[in-house]
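Asker: need a structure here:
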Amino acid sequence: RIIIDWTPTNLAPHHELVRRVTRAVRKSGYPLIFTQRMGIETNSHMCGTAAAGHDPGSSVLDPMCRSHDIDNLWVADSSFFPSSAALNPALTIGANALRIAPALAKATKS
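Answerer: Okay, the predicted model is just below:
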């Protein structure tokens, strides 16, 4: 059985982002801007479930996305993010994978 217990966070920064982007897009000439917030039923861009940091007591990954507990476990998806920007995370996931790739390659040669 799967239970989802979800509480929206970072709403004030999100509203400010929407306001600024809406203004910029309108200024660029687009008359219609749709800004409907999605609920948990639209959860395709979930991010931030694997906390990262230097302290294994408060995080599961180090800053290079390597597990503190399992040496050969690296996480290169959006769970490493501190939160979601409420935008498609695909390019950021790719950029992060490129960022950690040299460290992963070096570790696998050892």
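Asker: in the longest helix belonging to the chain, what counts as buried?
Answerer: Assignment by DSSP state H gives helix 90-109 as the longest helix of the chain. In terms of neighbour count (16 or more other C-beta atoms under 10 Å), helix 90-109 has its buried residues at T92, I93, N96, I100, L104. (C-beta placed from N, C-alpha, C; glycine too.)
Asker: between those residues, which sits nearest P56?
Answerer: The nearest member of the buried residues of helix 90-109 to P56, counting by C-beta to C-beta, is I100 at 17.9 Å.
Asker: tell me the pLDDT at that closest one?
Answerer: Here the pLDDT value assigned to I100 is 95.
Asker: same check on V18?
Answerer: 91.
Asker: excluding covalently adjacent residues, which one is nearest to it?
Answerer: Nearest residue to V18 in three dimensions, chain neighbours excluded: T35, at 5.1 Å (C-beta to C-beta, 6 or more residues apart in numbering).
Asker: tell me which element that neighbour is part of?
Answerer: Assessed by DSSP states H and E, T35 sits outside every helix and strand.
Asker: same check, this time on the one 5 residues further on
Answerer: Following DSSP H and E, there is no helix or strand that holds I40.
Asker: tally of neighbours for it?
Answerer: Neighbour count for I40, taken as other C-beta atoms under 10 Å: 11.
Asker: dump the residue contacts of it.
Answerer: I4, W6 (C-beta atoms under 8 Å, 6 or more residues apart in numbering).
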